[in-house]
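Participant: Please find the sequence and the predicted model below.
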Amino acid sequence: MNDPVLTLSLETADAGGRQSLRRSIRRLGDFSRTVDLALAQFNARYGVDMALTQRSLTRAFLEWMRQFDAQRSLADRDRRDFSHFAAGMLLSSLIRNRPVTGGAARPKGGDLARPEEALVAFWPEGVFYFEFCITVLDKVLVEQDLEGIHLSAEALELRSWASFRENVASDPDLAIPFLDLFLGGDPNWDFPKAARFRSALKGRMLDWDKRLAGPAAAGT
């Protein structure tokens, strides 16, 4: 990730050497510990005092894994885009289940010197969910030897975040296209939960169908 803002460090001291985050994040115990570590960093960085509700976090995790497993057969079509989609599904589940609670940010010196501080003052829980998801996404991409993420200009605009918060309040699934928007992708606003309708995956599926049809077509 080349963007220094809206990121967390998820490096943990493990007893058995390095482990793949893209695998460990799909285990409830590792997931919970990683979220707890990330929230402690977030609280310290922005001067907030938010806490986790474990039951809600577990519910968010289980919901995310059900959605992930239901569509993971599409992952090989475009690993980068499916990783973005999985991060969007996680963001949606966190917003829906609201495992983090707490007060507003307390900016040092009373000034919001950095754009991300204004976002945290506006919606601390939402910014934490977003930071966590994009940090996990970036590390998962690197583990697959894929290029890391890049934030778009909208990711640091308060106006965009106001629209984000308003829309996901009534439909948390819209967190998926908003994450795509904030990462410079191609949002699918009409069918956000369906990976097969994403432009990148749909294009790969068409290419795949053409390859399968090739031999049959040649033999006619």
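Facilitator: Here it is on my side, so go on. Not measured: the values here are computed from a predicted model.

Participant: How far off centre is stretch 55-70?
Facilitator: A distance of 14 Å separates the C-alpha centroid of stretch 55-70 from that of its chain, computed with Cα atoms, centre = their mean, to the nearest Å.

Participant: Name the residues that touch that stretch?
Facilitator: Taking Cβ atoms under 8 Å, 6 or more residues apart in numbering as the criterion, the residues outside stretch 55-70 that touch it are 26, 28, 31-32, 35, 86, 89-90, 93-94, 96-99, 193. Heads up, the C-betas are built off the backbone N, CA and C, glycines and all.

Participant: Kindly state the pLDDT recorded for the residue lying closest to residue 172 once chain neighbours are set aside?
Facilitator: What sits nearest to residue 172 in space, not counting adjacent residues and going by Cβ to Cβ, 6 or more residues apart in numbering, is residue 96, at 4.0 Å. Reading off the per-residue confidence, residue 96 sits at a pLDDT of 99.

Participant: try the one 5 residues further on
Facilitator: In this prediction, residue 101 carries a pLDDT score of 94.

Participant: burial measure for it, as a count.
Facilitator: Taking other Cβ atoms under 10 Å as the neighbour definition, residue 101 ends up with a count of 12.

Participant: and it, what does it touch?
Facilitator: Residue 101 makes contact with 50, 51, 53, 125 under the criterion Cβ under 8 Å, 6+ apart.

Participant: Among these, which ones are in helices?
Facilitator: With helices taken from DSSP state H, the overlap with the contacts of residue 101 comprises residue 125.

Participant: want to throw the contacts of residue 101 into CSV with distance to residue 133, pLDDT and neighbour count?
Facilitator: Formatted as CSV, the entries for the contacts of residue 101 read as follows, by distance: Cβ to Cβ, whole Å; pLDDT from 0 to 100; neighbours: other Cβ atoms under 10 Å:
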residue, distance to residue 133, pLDDT, neighbour count
50, 16, 97, 18
51, 19, 97, 11
53, 18, 97, 14
125, 13, 97, 18
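
Participant: Let me know the helix or strand that residue 32 is in.
Facilitator: Secondary-structure element containing residue 32, defined by DSSP states H and E: helix 28-46.

Participant: What lies in contact with that helix?
Facilitator: Applying Cβ under 8 Å, 6+ apart, the contact partners of helix 28-46 are 8-10, 12, 21, 24-25, 48-52, 54, 57-58, 61-62, 99-100, 102, 105, 107, 117, 120, 124, 128, 131-132, 135-136.

Participant: That'll do, ta.
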